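In: okay, sequence plus prediction incoming.
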Amino acid sequence: VRFWTAEAEEVLALPMPLPGTSPDSLVSLELGQETTCLAARFKITRQVNPHQFRLPPQDEQGRLRRAQAEAQELAVQETLNRISRCVQVWFSVGGATELRSVVLEPQDSTGSAPVTSLVVLQDADEGSSRLFVGDASGGIRVWHVQHVGGDITFEQQQLFQLAPPSAQNCSVVCMEPLQDGLLLVSTNATSEARSSTRQGGARELLIPVAQAVHIISVHGTPSIQATLDGHKDVVACMQALPNGDVLTGGGKFDATLQLWKNSQLQGQAEIETKSSKTLPE
């Protein structure tokens, strides 16, 4: 991760937590003047050699070396899996040039999955934001990040898990903040049974379909406001427009960019499926 000035000069480079990892997305948290706060999620880029332990050892020393190598490989895999489930945060307070670092880990690791998306919602109070962390099993963790005195505090406020009908499961693909405490969440169906991916302490939030875009109110207890089901493939990216409209982009089996009017997104008292306008080529 590198920091650059407006004149394209590099001022700081931050190392990766471990070789074989790469930052997959970065978000900035607004916490007041003279405060810098950046959060990142990481993907695993290390390739495992499937033939690493193919040949059997021929003597006792070989068996010992094999056992040590297997234990070392297992430790590396466990560390990489842990990194994929965490969020790295760098921050500074009071205009300090040195960045401090903290790792946000799930409070209860039972059923936790690799992080797939990060998004920030600014609170009404200055110096306070909420960091939403979506994962591969449909879970969304909410971290309250606050500038208090000369420090920044991190507290996990909520954990809810999106639950499609029947025993299906879904993953969070991407998220986008809207106005008035609303959050757009794109989900995709997965082959895993929901019982095997249920996260400890998570509150289930029922969704009508596994592959769609869901509008979630995150004021207090999360609730589904509407479901946008206009694409034939998973929605891979979304963008909120200044006038309140939203653009959604479908995957390769859909290949459309669709425009959702603000009037379609607001004032939905019940969960319902909506259609959009497909933009001309």
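Out: Nice, I can see it. Residues are numbered from 1 along each chain as shown.
In: and residue 70, what does it touch?
Out: Taking CB atoms under 8 Å, 6 or more residues apart in numbering as the definition of contact, the neighbours of residue 70 are residue 53. Bear in mind the C-beta positions are built from the backbone N, C-alpha and C, glycine included.
In: where does the nearest residue to residue 5 once chain neighbours are set aside land on pLDDT?
Out: With CB to CB, 6 or more residues apart in numbering as the measure, residue 11 is the residue that lies nearest to residue 5, at 5.9 Å, once sequence neighbours are left out. On the pLDDT scale, residue 11 is placed at 81.
In: likewise for the one 4 residues further on?
Out: The pLDDT attached to residue 15 in the predicted structure is 82.
In: and what of residue 57?
Out: At residue 57 the predicted local confidence, pLDDT, stands at 87.
In: ok, and the closest non-adjacent residue to the residue nearest the centre of the chain?
Out: In the chain, the C-alpha closest to the average C-alpha coordinate belongs to residue 117, at a distance of 2.2 Å (CA atoms, centre = their mean). Sequence neighbours aside, residue 134 is the residue nearest to residue 117 in space, at 3.9 Å (criterion: CB to CB, 6+ apart).
In: need the phi and psi values for residue 76.
Out: phi -60, psi -40 (degrees, to the nearest 10).
In: now do the contacts for residue 101.
Out: The contact partners of residue 101, by CB under 8 Å, 6+ apart, come to 88-91.
In: let's go with 7 Å and repeat that
Out: Contacts of residue 101 were listed using CB atoms under 7 Å, 6 or more residues apart in numbering, and they are 88-90.
In: can you give me the strands for the stretch 101-250 of the chain?
Out: Ranges of strands in the stretch 101-250 of the chain, per DSSP state E, counting those that start in this stretch, are 115-122, 128-135, 139-148, 151-163, 169-177, 182-190, 203-206, 212-217, 223-228, 235-240, 246-250.
In: what are the buried residues along the longest one?
Out: For strand 151-163, the neighbour count (16 or more other CB atoms under 10 Å) marks 152, 154, 156, 158-163 as buried.
In: pLDDT added to those, as TSV?
Out: Converted to TSV, these look like this (pLDDT from 0 to 100):
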residue	pLDDT
152	90
154	93
156	92
158	90
159	92
160	93
161	93
162	94
163	91
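In: wait, which of those is closest to residue 228?
Out: Within the buried residues of strand 151-163, distances to residue 228 taken as CB to CB reach their minimum at residue 162, with 14.3 Å.
In: hang on, the earlier thing: next, count neighbours for the residue nearest to residue 5.
Out: Residue neighbour count, defined by other CB atoms under 10 Å, stands at 9 for residue 11.
In: what of residue 227?
Out: Taking other CB under 10 Å as the definition, residue 227 ends up with a neighbour count of 18.
In: what mean pLDDT does stretch 218-229 get?
Out: Stretch 218-229 comes out at a mean pLDDT of 88.
In: the closest residue to residue 29 other than its chain neighbours: what's it in contact with?
Out: Of all residues beyond its chain neighbours, the one nearest residue 29 is residue 37 (4.1 Å), with distances taken as CB to CB, 6+ apart. Residue 37 makes contact with 28-29, 31, 89, 91, 145, 152, according to CB under 7 Å, 6+ apart.
In: what packs against the helix or strand harbouring the residue nearest to residue 5?
Out: Per DSSP states H and E: residue 11 is located in strand 10-13. For strand 10-13, the helices and strands in contact under the criterion 3 or more CB pairs under 7 Å, 6 or more residues apart in numbering; DSSP states H and E are strand 2-4.
In: can you tell me the element the residue lying closest to residue 91 once chain neighbours are set aside falls in?
Out: Nearest non-adjacent residue to residue 91, counting by CB to CB, 6+ apart: residue 37, 4.3 Å away. Residue 37 is part of strand 35-44, with elements assigned from DSSP H and E.
In: restrict that strand to CA atoms and write it as PDB.
Out: Listed next in PDB are the C-alpha coordinates belonging to strand 35-44 (Å, rounded to 0.1, in the frame of the first residue of the first chain):
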ATOM      1  CA  THR A  35      -7.000  12.400  11.300                       C
ATOM      2  CA  THR A  36      -6.100   9.800   8.800                       C
ATOM      3  CA  CYS A  37      -7.800   6.400   8.800                       C
ATOM      4  CA  LEU A  38      -7.500   3.700   6.100                       C
ATOM      5  CA  ALA A  39      -8.900   0.200   6.100                       C
ATOM      6  CA  ALA A  40      -7.900  -2.700   3.700                       C
ATOM      7  CA  ARG A  41      -8.900  -6.200   3.100                       C
ATOM      8  CA  PHE A  42      -6.500  -8.700   1.600                       C
ATOM      9  CA  LYS A  43      -6.800 -11.600  -0.900                       C
ATOM     10  CA  ILE A  44      -4.600 -14.600  -0.900                       C
END
